[in-house]
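Colleague: can't give you the sequence, but here's the structure:
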């Protein structure tokens with residue numbers, strides 16, 4: 001290896017990964033923001049949840065969710081294979097533990113598209129690694145418009161999602177950051193700024209002590 005290559009490796013500061021959680025009422029924009037972040041930042045990967053709900057026409061098993069039977073989900077929950085789990089609209093969702101633990105320990109960031117129930121469980125188990133962001137719609141009228149624009153659900157389902165949003169919104173104060181999604185580009189820029197800041201948080205950079213000692217020895 002060249003001297004330049006050795007210098008570059010010496011400059012690397014090891015860190016723990018960030019567990020970045022995005023939550024919002026259905027239709028407020030968290031899934032769109034998640035997809036934009038994953039497409040633009042190779043340093044973060046999506047935690048793919050398991051779920052018992054039926055697969056939608058535009059979804060791919062293993063990309064959007066791992067679609068499993070209720071019996072398998074219960075076995076994973078009882079066996080300690082899930083970091084968090086929640087029941088949403090009569091369907092179960094959960095986060096597999098193994099791959100997330102490995103990624104965080106190796107300094108890789110993981111994105112979670114989960115609700116407030118799952119976020120509470122992650123906070124109990126991994127508070128120092130967790131960064132939580134709640135996405136708000138600009139208005140109730142706009143939230144309903146976005147739900148109808150998706151054209152994926154019946155009027156009854158949309159009414160149910162609007163009613164559930166009232167409860168979901170009551171949990172906004174439990175999150176580290178809140179983004180009001182009036183404009184997608186602005187909301188996305190705010191999300192990127194949050195992640196950039198959290199990546200250089202002192203307590204997360206586990207290799208700082210070694211780096212500073214080496215720096216002192218060079219002076």
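Modeller: Looks like it arrived, so ask away. Since this is a predicted model, take the numbers as computed values, not measurements.

Colleague: In a helix, residue 17, correct?
Modeller: No. Applying DSSP: H, G, I helix; E, B strand; the rest coil, one finds residue 17 to be coil, outside a helix.

Colleague: In contact with it, which residues?
Modeller: 103, 104, 105, 106, 107, 108, 109, 110, 129 (Cβ atoms under 8 Å, 6 or more residues apart in numbering). In this view, the C-beta of every residue, glycine as well, is placed from N, C-alpha and C.

Colleague: and of the residues you listed, the nearest to residue 211?
Modeller: Looking at the contacts of residue 17 and their distance to residue 211, the nearest is residue 107, at 13.9 Å (Cβ to Cβ).

Colleague: That closest one looks like it's in a helix, true?
Modeller: No. Counting by three-state DSSP, one finds residue 107 to be coil, located in no helix.

Colleague: what about burial for the contacts of residue 17, which qualify?
Modeller: 103, 104, 107, 108, 109, 110, 129 (16 or more other Cβ atoms under 10 Å).

Colleague: just to revisit the earlier point, now the contacts of residue 17 in a markdown table, with pLDDT?
Modeller: Compiled in a markdown table, those are given as follows (pLDDT from 0 to 100):
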| residue | pLDDT |
| --- | --- |
| 103 | 94 |
| 104 | 95 |
| 105 | 94 |
| 106 | 94 |
| 107 | 95 |
| 108 | 96 |
| 109 | 98 |
| 110 | 97 |
| 129 | 95 |
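
Colleague: got the residues you listed as TSV, with distance to residue 166 columns?
Modeller: Output for the contacts of residue 17, formatted as TSV (distance: Cβ to Cβ, whole Å):
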residue	distance to residue 166
103	35
104	33
105	39
106	40
107	39
108	36
109	32
110	30
129	30
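
Colleague: For residue 72, what are phi and psi?
Modeller: Backbone torsions of residue 72, given as degrees, to the nearest 10, read phi -70, psi -40.

Colleague: do the one 5 residues further on as well
Modeller: Reported as degrees, to the nearest 10, the phi and psi values for residue 77 are phi -60, psi -50.

Colleague: and the gap between it and residue 122?
Modeller: 15 Å (Cβ to Cβ, to the nearest Å).

Colleague: Specify which residue of those two has the higher count of neighbours.
Modeller: Using other Cβ atoms under 10 Å, the more surrounded residue of residue 77 and residue 122 is residue 122, with 21 against 14.

Colleague: need the contact list for that one.
Modeller: 19, 21, 83, 84, 95, 112, 114, 130 are the contacts of residue 122 under Cβ under 8 Å, 6+ apart.

Colleague: switch to 10 Å and redo it
Modeller: 19, 21, 47, 83, 84, 95, 100, 112, 114, 129, 130, 132 (Cβ atoms under 10 Å, 6 or more residues apart in numbering).

Colleague: For the residue nearest in space to the middle of the chain, report the pLDDT, please.
Modeller: Note on the chain: the residue nearest the mean C-alpha position is residue 112, at 2.2 Å, using Cα atoms, centre = their mean. Looking at residue 112, its pLDDT stands at 94.
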